[in-house]
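> no FASTA, just this:
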């Protein structure tokens, strides 16, 4: 009986007409590969990096990112874009549950001056301290220090002019803090020129 069982197994194993017991999985789509890379990265990844890693044109990467973003709209994670960088983040509405899980409390609120400075940077970036102060009409050094300490803004280079002043721009942490997926989500505001 053992010999006939062995013969039956080897006959079925060699038969091309029989379906495989464990079929080969279909190759992952570009969208699935992007999702996997962003999940593992845990930090912002540029579109160019994704194109290089996945050997795909940037236009295809952008299309796949748009598909991912739409599929996450009603889920607990979001696709966050900042300039040409993308990353996976938790949905803003999940913040209370995540805080309970991590045991963190609400961070101290930003001062009115810091919020005002942050709004100017968000809408006019990259911008220098002198340009911020020209809009606000007061010294902004303390507000800038507070925003830099919270990683809401960063130095984005230097202006090619006399003294080469520092340019400031928002960070991905700014988008996370305010529940935005990109700077395009900022409400329209009319600033005087």
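Sure, I can see it. Given the structure is predicted, the values throughout are model-derived calculations rather than measurements. Residues are numbered from 1 along each chain as shown.

> what residues sit buried inside stretch 92-112?
Using 16 or more other C-beta atoms under 10 Å as the test for burial, stretch 92-112 gives residue 110. To be clear about C-beta, it is placed using only N, CA and C from the backbone, and glycine gets the same treatment.

> what secondary structure does the residue nearest to the spatial centre of the chain sit in?
Closest residue to the average C-alpha location of the chain: residue 87 at 2.6 Å, with C-alpha atoms, centre = their mean. Look at residue 87: counting by DSSP: H, G, I helix; E, B strand; the rest coil, its state is strand.

> so the closest residue to it other than its chain neighbours versus residue 176, what's the distance?
Using C-beta to C-beta, 6 or more residues apart in numbering and skipping the chain neighbours, the partner closest in space to residue 87 is residue 44 (4.5 Å). From residue 44 over to residue 176 the distance is 11 Å, taken as C-beta to C-beta, to the nearest Å.

> and residue 83, by the same measure?
Here residue 83 is placed at a distance of 15 Å from residue 176 (C-beta to C-beta).

> who has more neighbours, these two?
The neighbour count for residue 83 versus residue 176, taken as other C-beta atoms under 10 Å, is higher for residue 176 (20 against 15).

> my guess is the more buried one contacts residue 80. True?
Yes - between residue 176 and residue 80 there is a contact at 6.8 Å, judged by C-beta atoms under 8 Å.

> overlap in contacts, those two.
Residues touching both residue 176 and residue 80 (C-beta atoms under 8 Å, 6 or more residues apart in numbering): residue 89.

> if we can go back for a sec, need the per-residue pLDDT for the residue nearest to residue 87.
The model reports residue 44 with a pLDDT of 90.

> mind listing what it touches?
Neighbour list for residue 44: 82, 85-87, 172 [criterion: C-beta under 8 Å, 6+ apart].

> how about TSV for those, with pLDDT and distance to residue 69 added?
TSV is the format used below for those (pLDDT from 0 to 100; distance: C-beta to C-beta, whole Å):
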residue	pLDDT	distance to residue 69
82	84	13
85	90	14
86	92	9
87	90	12
172	89	15
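
> quick one: which of those residues has the most company?
Busiest of these [other C-beta under 10 Å] is residue 86, holding 28 neighbours.

> bridged to that one, which residues?
residue 45, residue 81 (DSSP bridges).

> could you chop this structure up by domain?
The chain resolves into domains spanning 30-94, 108-185 when parsed by automatic domain parsing.

> tell me the gap between the longest one and the middle of its chain.
It refers to domain 108-185. Here the centre of domain 108-185 is set off from its chain's centre by 19 Å, with C-alpha atoms, centre = their mean, to the nearest Å.

> lowest-scoring secondary structure element of this protein by mean pLDDT?
helix 2-14 (a mean of 47; mean pLDDT, DSSP states H and E).
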